[in-house]
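Asks: Everything below, folded, please.
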Amino acid sequence: MTALALALTSAGSLALAAEPPGKANPNSVVPHGAENASSGAPASWNPPIHDDAIHQYSAINRLEYGTGNAPDSYQWEGSGWVGGDINRFWWKTEGEGATAGGSPDSTSFEADYGRAITPFWNALIGARYDLYPGKDRAFGMLKLQGLTPLYLDTELSFYVSQDGVPSFRGEFQYEPLITQRLRLAPRVEINIGARDARYGLGGGLQNTQLGLRLKYQVRREFVPYIGVRWNKTYGDTRRITEAEGQRSSSTAFVVGLSAWY
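Replies: Below you'll find the model as predicted:
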């Protein structure tokens, strides 16, 4: 090796040794020249694109038929939003009824303003309106929804009815993959509230719904499933339900689908 090559090698080794391990010299990666005063980027770069476009998302979370030790029934739940990355208008509807005919036993509509508070969580404020045969009621609502670190889809809703009766609903769903298309989806819904005898509700833990659904992804946007769900009432709510001649618990095998667009 020539003297010149040795000198260059030694100089390069000294330069590398002067930098902290694993870090590049900023002068080697930051372009030289004029900078954009607002962003600090080189003046020759194009200005940043601000993504303030309006988007929308709609989903049928559950649309199912159930049969078991109670009258055959149907249930639905749909939700969606319109807006940007931070601020959105949210909507949700759900309900159920007997397949024998007549109007649904209950129908619920929600309309909310939501704001993203972290990349995975949204805070919502709005209103809910429930329709029952012969009697309706309205609620003010606060909601927190998002994904926990273990990808548990969580929805925590706090309501106050038009009569000033408070209540809480927690909904939790998890969808671990069995294969790339097949997944098992356990779901838990818990309802707690103050006594409201007009609507057949006692104080404390009122009812729960547990579900276990086996889903097959035909396409990302279309997922049929089969499964089972359990409904159960508790405490004063159970006593009111039984006094009205209804079951305090039921089991149903279900077939249904979920979809989005």
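
Asks: all strands of this protein, in order?
Replies: Ranges of strands in the chain, per DSSP state E, are 55-68, 73-83, 87-98, 106-118, 121-132, 135-147, 153-161, 166-173, 182-193, 204-216, 222-233, 249-260.

Asks: In a markdown table, list these along with distance to residue 44 and mean pLDDT.
Replies: Just so you know, the C-beta spots here come from the backbone N, C-alpha and C atoms, and that holds for glycine as well. Listed next are the strands of the chain as a markdown table, based on distance: least, C-beta to C-beta, whole Å; pLDDT from 0 to 100:
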| stretch | distance to residue 44 | mean pLDDT |
| --- | --- | --- |
| strand 55-68 | 32 | 96 |
| strand 73-83 | 34 | 96 |
| strand 87-98 | 34 | 96 |
| strand 106-118 | 33 | 96 |
| strand 121-132 | 39 | 96 |
| strand 135-147 | 40 | 95 |
| strand 153-161 | 45 | 97 |
| strand 166-173 | 49 | 97 |
| strand 182-193 | 48 | 97 |
| strand 204-216 | 51 | 97 |
| strand 222-233 | 47 | 97 |
| strand 249-260 | 42 | 96 |
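
Asks: export those strands to CSV and tack on mean neighbour count?
Replies: As requested, the strands of the chain are exported to CSV (neighbours: other C-beta atoms under 10 Å):
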stretch, mean neighbour count
strand 55-68, 16
strand 73-83, 18
strand 87-98, 17
strand 106-118, 16
strand 121-132, 16
strand 135-147, 15
strand 153-161, 17
strand 166-173, 16
strand 182-193, 17
strand 204-216, 18
strand 222-233, 18
strand 249-260, 17
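
Asks: right, so of these, which gets closest to residue 38?
Replies: Nearest to residue 38 among the strands of the chain is strand 87-98; the distance by C-beta to C-beta comes to 23.3 Å.

Asks: The closest one: partners in the sheet, and parallel or antiparallel?
Replies: Using DSSP bridges, the strands paired with strand 87-98 are strand 73-83 (antiparallel), strand 106-118 (antiparallel).

Asks: starting at the chain centroid, how far to the last one?
Replies: If I follow you right, that is strand 106-118. Its chain's average C-alpha position is 11 Å from that of strand 106-118, according to C-alpha atoms, centre = their mean, to the nearest Å.

Asks: Now do that strand: everything it contacts.
Replies: By C-beta atoms under 8 Å, 6 or more residues apart in numbering, the residues outside strand 106-118 that reach it are 81, 83, 85-97, 122-132, 141, 143, 146.

Asks: now swap in the shortest one and tell me
Replies: Outside strand 73-83, the residues within contact range by C-beta under 8 Å, 6+ apart are 54-67, 88-99, 114, 252, 254, 256.

Asks: Please tabulate the strands paired with strand 87-98 in CSV and include distance to residue 223 as additional columns.
Replies: Output for the strands paired with strand 87-98, formatted as CSV (distance: least, C-beta to C-beta, whole Å):
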stretch, distance to residue 223
strand 73-83, 14
strand 106-118, 23
